[in-house]
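A.B. asks: Just a sequence and a predicted model for now, questions to come.
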Amino acid sequence: MKPVICPYCQKPIEKRDQLVTVSNMFRIRPYHYVCYQTVERETRTIWSFWTPVNGVAGNIRFVFLLGIAIWFLTTDSLGMGGELVGVIAFYNVMIHLTAYFLYERRVPK
Ligand SMILES: [Zn+2]
């Protein structure tokens, strides 16, 4: 498999615990943990929606969003508004899965 390249330092990410996958709307990027901290510092002043999707916090959010998606897409709670919430949650679930299959799975532990 091709190595996952960090867009910041252009070097391959070799270990799973160095990897941070972040998402911003439809874009997903893999960074080294240290590189992401630098990127985050540099972009803090700009309106930024980059959010890490992996790690413990990401996994908790994944389970939470999956629950919300299933709940709102399979029940009639809140009517159309509920459907919208369900779709947004579902979209986030897809981001998590894509990040996992695209990057996380390719980086050895
Ligand atoms: Zn890097």
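C.D. replies: All right, it came through fine.
A.B. asks: Just the buried residues of stretch 6-25, please?
C.D. replies: Within stretch 6-25, the residues that count as buried by 16 or more other CB atoms under 10 Å are C6, Y8, I13, Q18, L19, V20, T21, V22, S23. Placement of C-beta: from N, CA and C, glycine included.
A.B. asks: Name the residues of stretch 55-71 that are buried.
C.D. replies: Under 16+ other CB under 10 Å, the buried positions of stretch 55-71 are G58, R61, F62, L65, L66, I68, A69.
A.B. asks: Would you reformat the buried residues of stretch 6-25 as a markdown table and include secondary structure and pLDDT?
C.D. replies: Output for the buried residues of stretch 6-25, formatted as a markdown table (DSSP: H, G, I helix; E, B strand; the rest coil; pLDDT from 0 to 100):
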| residue | secondary structure | pLDDT |
| --- | --- | --- |
| C6 | coil | 96 |
| Y8 | coil | 93 |
| I13 | strand | 95 |
| Q18 | helix | 93 |
| L19 | strand | 94 |
| V20 | strand | 92 |
| T21 | strand | 93 |
| V22 | strand | 90 |
| S23 | strand | 87 |
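A.B. asks: Out of these, name the two that are farthest from one another.
C.D. replies: Q18 and S23 (18.0 Å; CB to CB).
A.B. asks: For this structure, list the residues in contact with the ion, please.
C.D. replies: Contact residues, the chain versus the ion (CB under 5 Å from the ion): C6, Y8, C9, H32, C35.
A.B. asks: again, only this time at 6 Å
C.D. replies: Contacts of the chain with the ion, taken as CB under 6 Å from the ion, map to C6, Y8, C9, K11, Y31, H32, C35.
A.B. asks: what stretches of the protein score poorly on pLDDT?
C.D. replies: Counting by pLDDT under 70, the chain shows low-confidence ranges at 43-49.
A.B. asks: Show me the longest helix that occurs in it.
C.D. replies: For the chain, the longest helix by residue count, based on DSSP state H, is helix 79-102.
A.B. asks: Identify each buried residue in it, please.
C.D. replies: G82, V85, G86, A89, F90, N92, V93, I95, H96, A99, Y100.
A.B. asks: can you tell me how far Q37 sits from N24?
C.D. replies: Relative to N24, Q37 is positioned 17 Å away (CB to CB, to the nearest Å).
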